[in-house]
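Participant: With the input below, show me the fold.
(one chain, ligands or ions: 1)
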Amino acid sequence: MEQKKCKNKKCQRLLPDGYKHKYCENCRNEQAKHLKDACKGALGVAVMIGGTAITIATKGKIKPTKK
Ligand SMILES: [Zn+2]
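Facilitator: This next block holds a predicted model:
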């Protein structure tokens with residue numbers, strides 16, 4: 001029976017029998033962490049861009065409509 005290995009070339013850990021994933025637990029945790037960080041980063045950037053855009057918009061010609 002062929003022993004499965006983690007798909008991460010830097011890792012190559014042997015995966016346990018019947019393991020459903022291509023990456024070992026360790027790599028999956030790492031990926032999850034990176035994914036979370038990426039999400040946070042993207043969200044942060046989006047908020048920053050959104051905030052900047054709003055700041056620019058309010059400093060520009062666009063003003064809240066008051067009568
Ligand atoms: Zn791995």
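Participant: C-alpha only now, for contacts and for neighbours.
Facilitator: Fine.
Participant: Tell me where the model's unsure across the protein.
Facilitator: Scanning the chain with the threshold set as pLDDT under 70 gives 1, 53-57, 60-64, 66-67.
Participant: The ion contacts on that one?
Facilitator: 6, 11, 24, 27 (Cα under 5 Å from the ion).
Participant: Would you mind listing which of the residues you listed are buried?
Facilitator: 6, 24, 27 (16 or more other Cα atoms under 10 Å).
Participant: contacting residues for the second one?
Facilitator: Looking back up the chat, that one is residue 24. Residue 24 makes contacts with 5-6, 13-15, as judged by Cα atoms under 8 Å, 6 or more residues apart in numbering.
Participant: Mind doing that once more with 6 Å?
Facilitator: By Cα atoms under 6 Å, 6 or more residues apart in numbering, the residues touching residue 24 are residue 6.
Participant: ranges for the helices of this structure?
Facilitator: Taking DSSP state H as the criterion, the chain carries its helices at 25-59.
Participant: would JSON lines of the buried ones among the residues of the chain next to the ion with distance to residue 48 be doable?
Facilitator: Shown next, in JSON lines, are those (distance: Cα to Cα, whole Å):
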{"residue": "6", "distance to residue 48": "37"}
{"residue": "24", "distance to residue 48": "35"}
{"residue": "27", "distance to residue 48": "31"}
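Participant: so which of these comes closest to residue 42?
Facilitator: Distance to residue 42, by Cα to Cα, is smallest for residue 27 among these, at 21.8 Å.
Participant: The residue nearest to the closest one when sequence neighbours are not counted - how many residues pack around it?
Facilitator: In space, residue 27 comes closest to residue 8 once its chain neighbours are excluded; the distance is 7.4 Å by Cα to Cα, 6 or more residues apart in numbering. Residues lying near residue 8 (other Cα atoms under 10 Å) number 13.
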